[in-house]
Each structure stands twice: as structure tokens, then as C-alpha cells.
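**Q** Build me a structure from this.
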Amino acid sequence: MRYLVRTMLFVTDHTDMNHPFSLERGSCTVRDIFDAICAVYPEMTWTSDAETGVTWFHPTQVPYSAILPQKITVHGNEYGLLMQTEILEPLEAALGPEVIQITRYGTFFTNGFNNPIDVAKAEYTVRDLLNLCVLSEPSLGFFVALYEGKRLSVVSPTSFVPRQPIRGIRPGAMLFWRTEVGPANAQPPSVEELRSRLADRDPAIRRAAYRYYVATNNVYGGPAILSGPMPSEHAVAACLAETSLRVRSPQATHTHAITRLRQELTDEFIERGYPGMAVLGCLELARLTKDPAPLAKLSRRQFAPGQLEEIVPDAYRIARLSPTVRDYLAQKGTAWLAAGAARLADLPNKATSELAFTVIEAPTDGQASQPSP
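**A** From the prediction side, this is the model:
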């Protein structure tokens with residue numbers, strides 16, 4: 001139930017995808033829908049990854065294990081890596097564009113798909129990394145096309161946004177709210193309830209609330225989440241959710257969030273507000289305005305050991321997107337941040353790095369050998 005239904009599509013240049021599909025039933029399971037799709041496309045099957053639950057639709061002649069099987073070893077734990085520019089594009093550079101090519105369409109595209117990913121030190125296939133990436137947001141998926149003549153896989157991030165606008169909250173999003181965020185009410189949460197959960201002291205609740213926000217931003221997104229009277233902690237959390245979703249490029253900004261953060265990040269809040277929210281709010285305001293003044297105020301605050309551990313991934317996300325934040329911390333030092341979380345001591349240096357890995361198995365033809373039919 002943690003991530004609900006997540007799907008990927010893998011095809012070859014011989015896959016016929018032109019059959020019309022429709023399904024009319026009073027009720028059904030997800031398995032019923034997947035099986036119905038494969039009945040219409042008999043050359044396709046589906047496999048759910050045992051570890052993540054991500055489902056791949058793929059040709060029956062290509063086993064799941066043969067999809068992007070190139071193996072790498074990640075050297076250490078990485079926080080807040082930007083998916084497009086710090087994970088996918090370095091994979092293409094290391095494996096070679098004759099093996100894998102990553103779709104890229106400029107700043108707007110990058111802003112949409114540079115969502116932050118935490119990657120643990122471990123051995124992965126490229127397929128494993130895509131599964132990890134797709135869990136980061138409810139609307140994210142990948143379309144992977146294998147050109148068999150060239151043995152080349154083209155990987156394209158995509159957003160599963162319905163062609164026709166959906167009014168209200170989808171049942172899947174409501175189920176996610178009831179099981180992962182709460183409370184388990186029959187009605188969708190109000191914007192006030194959502195802001196409260198985005199500011200929850202439990203980081204697991206905050207992250208689940210953010211995923212719900214991403215899935216329902218057609219209802220809550222934009223000015224609605226940032227407007228009106230609310231506690232400062234809720235306002236800062238709402239700004240962080242909105243900018244995390246919409247501002248993922250150093251060239252982008254968010255004027256409404258800037259205005260609200262300036263209003264809420266008073267000296268009193270910076271000095272006495274909930275530590276994690278005060279730090280993230282100041283980091284984000286410095287990023288959006290390209291002005292380190294909020295960090296100069298924040299650096300005078302003393303943090304207790306472990307007090308900032310829960311915000312480490314978010315702090316890395318912001319620093320990776322902001323030369324202003326990195327330069328300030330490099331010049332002024334991070335001892336005050338490291339007092340609250342030792343993992344933040346090297347933030348300005350580590351936040352400039354891409355995914356650090358070694359290729360340990362890369363088939364020269366770009367794909368593992370496929371068994372005979």
C-alpha cells in the first residue's frame with residue numbers, strides 16, 4: 001500500500017502497440033486490469049518487481065531480468081540526487097550512448113524531472129535504479145524502447161497526467177491518504193489538514209503528505225496551498241511542498257512562495273521555531289532569491305546533536321539546486337549545521353556531486369542476451 005500502483009512500459013521496435021483497448025466492469029482488481037491489457041496485446045506480459053512492487057509491461061519474449069540489466073556499484077549513501085541530471089545522464093555517460101540514451105528536452109523538461117532521489121550504497125542494475133526513481137513521485141514513470149538492430153535502449157521519463165482534467169480527488173489518492181497519512185476519514189482532507197500533515201513532526205508523515213500533494217496538486221496546488229491565515233510552521237511547510245514540486249532548476253523561481261516565506265521567517269521563528277522547518281525554510285528562501293541573508297541569521301542558532309537528522313535529504317535537495325546556498329556554506333562553514341546532523345558537515349561539497357558509481361557489468365550490445373523463443 002505504500003506506493004500504490006506504479007507502472008513502467010518497455011517495448012522493442014517490433015512491438016505492436018496500435019490495438020484499441022477498453023474495459024467495462026462494475027468492479028475489478030488491478031490484476032484484472034493488467035490481465036485485460038495483456039489480453040488485447042497478447043505479445044505483452046507484466047511483471048511486478050519483488051522488492052519495490054513496480055510493475056513493468058514488457059514483451060513476452062523479453063524476460064524481466066533482461067530489461068536494462070547493466071550492473072553498477074554505488075560507492076556511498078547519496079541524498080537528494082537530482083534524477084535527470086545527477087542519476088540518469090551520468091548513467092548514459094558511463095555506459096555510453098550506444099548502449100543507453102536518456103531523453104532530454106531542455107530546461108523545462110529538466111525542471112519537471114529533476115526530482116530528488118536518495119540512493120543507498122549497494123549494487124544495482126540500471127532497471128533497479130529506475131524502479132527506485134519511480135517511487136519518488138506518484139505521477140512519475142518511464143517509457144523504455146529497445147532498438148534491437150542497434151541494441152540500444154532509449155529511456156524517457158514521463159508524467160502520467162490524464163489527457164482530460166480530473167475533477168476532485170481520485171480514489172487511489174484517497175486510499176493513500178487514509179493508509180499512509182491519516183486520519184482515515186471518508187472525505188478528502190481540507191487544505192488546512194493537508195498543511196498540518198506537511199508540517200508534521202514525524203518525517204514519514206511529512207513525506208507521505210507530500211506524495212499525496214503531488215498526486216492531487218490539480219486540487220490543492222498553486223496559490224490555494226499558500227494563501228490565507230495559518231501557523232507559520234504550516235505556511236513554511238506548504239511553501240516547501242510547492243517549491244519542491246515546481247522549482248527544480250537553478251533558473252526557476254516562485255514569487256508567491258518567496259513572498260510567503262519572507263512573511264513567515266521572522267527573527268523569532270528562525271531563532272525559536274521548529275528546528276527542521278526553520279532550517280529548510282531559510283535554505284529554500286536563500287535558493288529562491290539567490291540571497292544568503294536568511295542563512296546568516298540562521299547560522300547564529302545553536303542546534304542540539306541529532307536535531308536536524310530528519311531533514312538531511314531535504315537539505316541536500318536544496319543545496320544541489322542552489323549555488324547560492326553552497327557558496328555561502330563553503331565560505332562560512334557548516335559547523336552550526338553539523339551540530340544538529342553530522343551528515344551535513346560536508347554539504348557544500350557533496351551537494352555538487354553526481355551519482356558516484358562503478359560499472360561492474362555492461363553488456364556491449366546494451367542488453368542481456370535474450371533466450372530463444
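**Q** how about low-confidence regions in the stretch 1-150 of the chain?
**A** Under the criterion pLDDT under 70, the flagged ranges of the stretch 1-150 of the chain are 1-3, 149-150.
**Q** all strands for the stretch 151-300 of the chain, in order.
**A** 152-159 (DSSP state E, counting those that start in this stretch).
**Q** residues contacting the residue nearest the centre of the chain?
**A** Nearest to the centroid of the C-alpha atoms of the chain, with distances taken as CA atoms, centre = their mean, sits Ser136, at 3.5 Å. Under the criterion of CB atoms under 8 Å, 6 or more residues apart in numbering, the contact partners of Ser136 comprise 83, 115-117. Backbone N, C-alpha and C define where each C-beta goes, glycine included.
**Q** nearest spatial neighbour of Glu310, skipping sequence neighbours?
**A** Closest residue in space to Glu310, ignoring its immediate chain neighbours: Pro203 at 4.3 Å, by CB to CB, 6 or more residues apart in numbering.
**Q** neighbours around the one you found, how many?
**A** Burial of Pro203 is recorded as 15 neighbouring residues (other CB atoms under 10 Å).
**Q** any idea how far it lies from Leu308?
**A** Pro203 sits 11 Å away from Leu308, taking CB to CB, to the nearest Å as the criterion.
**Q** Over to Ala356?
**A** Looking at Ala356 against Leu308, where the rule is CB to CB, the gap reads 24 Å.
**Q** Neighbour count: the two, which is higher?
**A** Residue environment comparison for Ala356 versus Leu308 gives the larger neighbour count to Leu308, 23 against 15, counting by other CB under 10 Å.
**Q** Now do the closest residue to that one other than its chain neighbours against Glu192, distance only.
**A** Nearest in space to Leu308, with sequence neighbours left out and distances taken as CB to CB, 6+ apart, is Gly340 at 3.3 Å. Look at Gly340 and Glu192: by CB to CB, they are 29 Å apart.
**Q** Just confirm Leu240 contacts Cys282, I think it does.
**A** No: the pair Leu240 / Cys282 is not scored as a contact, 11.2 Å apart, by CB atoms under 8 Å.
**Q** Around Ala120, how many other residues sit close by?
**A** Counted with other CB under 10 Å, the burial measure for Ala120 works out to 11 neighbours.
**Q** Over to Asp327?
**A** As a measure of burial, Asp327 has 12 neighbours, counting by other CB under 10 Å.
**Q** Could you do the one 10 residues further on as well?
**A** The number of residues packed near Leu337 is 25, by other CB under 10 Å.
**Q** Same check on Ala341?
**A** 22.
**Q** In contact with it, which residues are there?
**A** Contacts of Ala341 were listed using CB under 8 Å, 6+ apart, and they are 306-309, 311-312.
**Q** any idea how far Arg301 is from the residue lying closest to it once chain neighbours are set aside?
**A** In space, Ala341 comes closest to Leu308 once its chain neighbours are excluded; the distance is 4.0 Å by CB to CB, 6+ apart. According to CB to CB, Leu308 and Arg301 sit 11 Å apart.
**Q** any residues in contact with both of these two?
**A** Each of Pro275 lies in contact with both Leu308 and Arg301 under the rule CB under 8 Å, 6+ apart.
**Q** Now Thr12. Nearest residue, chain neighbours left out?
**A** Of all residues beyond its chain neighbours, the one nearest Thr12 is Leu146 (4.7 Å), with distances taken as CB to CB, 6+ apart.
**Q** Note down every partner strand of whatever helix or strand that neighbour lives in and its orientation.
**A** Assessed by DSSP states H and E, Leu146 sits inside strand 140-147. Here the strand partners of strand 140-147, with direction, are listed using DSSP bridges: strand 7-12 (parallel), strand 152-159 (antiparallel).
**Q** In this structure Arg248 contacts Phe109, no?
**A** No: using CB under 8 Å, Arg248 makes no contact with Phe109, being 10.5 Å away.
**Q** Between those two, tell me which one has more neighbours.
**A** Arg248 (22 against 14).
**Q** what's near enough to touch Arg260?
**A** 226, 235, 238-239.
**Q** Arg197 is in contact with Ile205, correct?
**A** Yes: shown here, Ile205 and Arg197 form a contact pair, counting by CB under 8 Å, at 5.8 Å.
**Q** Return every residue with contacts to both of the two.
**A** With contacts defined as CB under 8 Å, 6+ apart, the residues adjacent to both Ile205 and Arg197 are 181-182.
**Q** Count the residues that sit near the residue nearest to Pro189 when sequence neighbours are not counted.
**A** Leaving aside its chain neighbours, Pro189 sits nearest to Trp177 (6.2 Å; criterion: CB to CB, 6+ apart). Other residues near Trp177 come to 25 when the count uses other CB under 10 Å.
**Q** Return the distance of Trp177 relative to Ala224.
**A** The span separating Trp177 from Ala224 equals 17 Å under the rule CB to CB.
**Q** same question, Leu285
**A** Counting by CB to CB, the gap between Leu285 and Ala224 amounts to 21 Å.
**Q** more neighbours, the two?
**A** Higher neighbour count among Leu285 and Ala224: Leu285, with 26 against 14, using other CB under 10 Å.
**Q** what about stretch 291-308, start to end distance?
**A** One end of stretch 291-308 to the other measures 22 Å (CA to CA, to the nearest Å).
**Q** so how far is it from its chain's centroid?
**A** Centroid displacement of stretch 291-308 relative to its chain, using CA atoms, centre = their mean, to the nearest Å, is 26 Å.
**Q** Now it: buried residues?
**A** Taking 16 or more other CB atoms under 10 Å as the neighbour-count basis, stretch 291-308 is seen to contain the buried residues 292, 294-295, 297-299, 301, 303, 307-308.
**Q** from those residues, which ones fall inside helices?
**A** The subset of these located in helices under the criterion DSSP state H comprises 294-295, 297-298.
**Q** quick one: which of those is nearest Glu268?
**A** Looking at those and their distance to Glu268, the nearest is Lys297, at 11.0 Å (CB to CB).
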